[in-house]
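# starting from these lines, generate the structure:
(chains A and B)
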Number of protein chains: 2
Amino acid sequence: MTKQELFEQIKKKESFLCVGLDTDPNKIPAHLLYEEDPIFTFNKEIIDATADLCVAYKPNTAFYESLGIKGWIALGKTIQYIKTYYPEQFIIADAKRGDIGNTSAMYARTFLDDLNVDAVTVAPYMGEDSVSPFLSYENKWVILLALTSNKGSQDFQLFKNEEGQHLYERVLEKSQDWGNDENMMYVVGATQGKSFEAIRKYVPNHFLLVPGVGAQGGSLQEVCKYGLNTQCGLLVNSSRGIIYADNTIDYAEGARNAAKTLQLQMAKELEAIL
Amino acid sequence: MTKQELFEQIKKKESFLCVGLDTDPNKIPAHLLYEEDPIFTFNKEIIDATADLCVAYKPNTAFYESLGIKGWIALGKTIQYIKTYYPEQFIIADAKRGDIGNTSAMYARTFLDDLNVDAVTVAPYMGEDSVSPFLSYENKWVILLALTSNKGSQDFQLFKNEEGQHLYERVLEKSQDWGNDENMMYVVGATQGKSFEAIRKYVPNHFLLVPGVGAQGGSLQEVCKYGLNTQCGLLVNSSRGIIYADNTIDYAEGARNAAKTLQLQMAKELEAIL
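Here you go, the predicted model:
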């Protein structure tokens, strides 16, 4: 998917919501466990209930990998389901991969070619040759970790050089040599508040993938105040806050209501740029 | 496996060799492709031919993941085979994972519990809560990326703060708060030569996992000169240099010969400490 196509979807749906499919058999409603593939059944219902309210889905691979073969089958079916019934959705494999060049190339093929998602999250620690293999696929995206939403983001991402530049700023700056705002986005946690101002100085035109609204405590208003650009430039993710909003047989409706609440706030924020 | 048990194996075999099982269907001898599970068959033959010469095996998950379900089955069978027939071997899942706390916990369970390997490689970019879930398993190990063997290691790992400390040194220092030399190792590329001196100042007693000997051009002698400690403290990995040493029907013998060459050099290096 191109940047322009993504922006068109955002305008059409008045939403820049990404729904995180962090599906855990211990957290889904118990009646689903009698299904042949509980994870896929849950995802399918969540997707059907939210697809008109969001522009992206983001399965985190850890949740599927932890179920072994069954999990990988459920992930494949989920991606195929979205691609078949909601081809306008941007699909992100939240895999946080990254290895030496020839090995990153294998991960790139797995996710961007075989699973055929639109984007993969990548950890920058190993530098250019760990990232660039993901950039060789047309109309596909790398989403590079920059300033994440968790407490541990302070440990190394805020490491500062003698000019006062943080490591995450160096990542934003250096990676401009590898890709551009048509094939690269950055992960910036919603919990990072005013840091969005510093980030927009480095990447004024890039999309940012913003986790951490909801369960992790980030504020949508603050993210928009400092992060919104003229082409929106934000994909705000909520996982647990949507998919586990209701734990009864009505979970899909609960997810829809939670997504709708965020979409309405987003529509309001988008008025500033549309 | 405990540190002492690993050291006992090193002394017994006069080897600190780790064989990297980066098994690629495009690189294994063509006659194997007629087998029901070519990847597992190849691994099994390589393992049988090298197990008395090495103390560890390191499958890189990218190679298995890229084959989809079949790849995960081959990985599971390979690990089970080593655990059944060579239980004294230290098994490393080279996965380079790392995510926010609750998600890293899922990866930890996948690798350390379900697949039941001894160690997982982890990327440090997201800090403490991305690493610590892996440290809660008894007699299991985190192998944290510090200074990797690839060209991209220069991009961020050498980022330097105002006191002249590099990011990789900060990783070595900070992570001492999370684990110790009984549950944590570090990845340091064989191509990093004299940096081993600086690294040993931070982690004199830890084991280092050292890739990059062979195909990537690192020197075993140099690694030992600066990296060896009184309990060896090194696991030196070779992947392509061993498993693809011979591409004919005699590939297992070729792998054995390549492993033997390294083991003999290692026996000589170990004389300095044994």
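# contacting residues around the residue of chain A positioned farthest from its centre?
Distance from the centre of chain A peaks at A:E162, with 32.5 Å (Cα atoms, centre = their mean). A:E162 sits next to B:160-162 when contact means Cβ atoms under 8 Å, 6 or more residues apart in numbering or on different chains. Using the backbone N, CA and C atoms, a C-beta is placed for each residue, glycine as well.
# quick one, helices of chain A?
Secondary structure of chain A (DSSP state H): helices at A:3-13, A:38-50, A:61-65, A:69-85, A:101-108, A:128-131, A:153-156, A:167-174, A:195-202, A:220-227, A:240-243, A:251-270.
# can you say which of the ones you listed is nearest to chain B?
Closest to chain B of the helices of chain A is helix A:153-156 (Cβ to the nearest Cβ; 3.2 Å).
# tell me which residues of that closest one come out buried.
By neighbour count with 16 or more other Cβ atoms under 10 Å in any protein chain shown, helix A:153-156 contains the buried residues A:153, A:155-156.
# which parts of the stretch 1-150 of chain A sit against chain B?
By Cβ under 8 Å from any Cβ of the partner chain, the residues of the stretch 1-150 of chain A that approach chain B are A:22, A:24, A:60, A:62-63, A:65-66, A:68-69, A:72-73, A:76, A:94, A:96-101, A:103-104, A:106-107, A:109-110, A:114, A:123-131, A:145, A:148-150.
# now the buried members of the residues you listed.
Applying 16+ other Cβ under 10 Å to the residues of the stretch 1-150 of chain A next to chain B, the neighbour count classes A:22, A:24, A:60, A:62-63, A:65-66, A:68, A:72-73, A:76, A:94, A:96-101, A:103-104, A:106-107, A:109-110, A:123-131, A:145, A:148-150 as buried.
# ok, A:I242 touching A:A49?
No - the pair A:I242 / A:A49 is not scored as a contact, 9.5 Å apart, by Cβ atoms under 8 Å.
# list the contacts of A:I46.
A:19, A:21, A:242-243, A:251-252, A:255.
# closest to B:K13 among these?
For the contacts of A:I46, the residue nearest B:K13 by Cβ to Cβ is A:L21; the value is 46.0 Å.
# may I have stretch A:116-127 exported as CSV, CA atoms only?
Taking C-alpha atoms only, stretch A:116-127 is exported to CSV below (Å, rounded to 0.1, in the frame of the first residue of the first chain):
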residue,chain,number,x,y,z
ASN,A,116,2.3,-10.7,2.3
VAL,A,117,1.7,-8.1,5.0
ASP,A,118,2.2,-4.4,4.2
ALA,A,119,4.7,-3.7,7.0
VAL,A,120,7.0,-5.2,9.6
THR,A,121,8.3,-3.7,12.8
VAL,A,122,12.1,-3.9,12.9
ALA,A,123,14.6,-3.2,15.8
PRO,A,124,17.4,-0.9,14.8
TYR,A,125,20.2,-2.0,17.1
MET,A,126,22.1,-3.9,14.4
GLY,A,127,22.1,-1.0,12.0
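# quick one: mean pLDDT for it?
Confidence over stretch A:116-127 (mean pLDDT, whole number) is 98.
# which member of the contacts of A:E162 is positioned nearest chain A?
When these are compared for distance to chain A (Cβ to the nearest Cβ), B:E162 comes out closest, at 4.3 Å.
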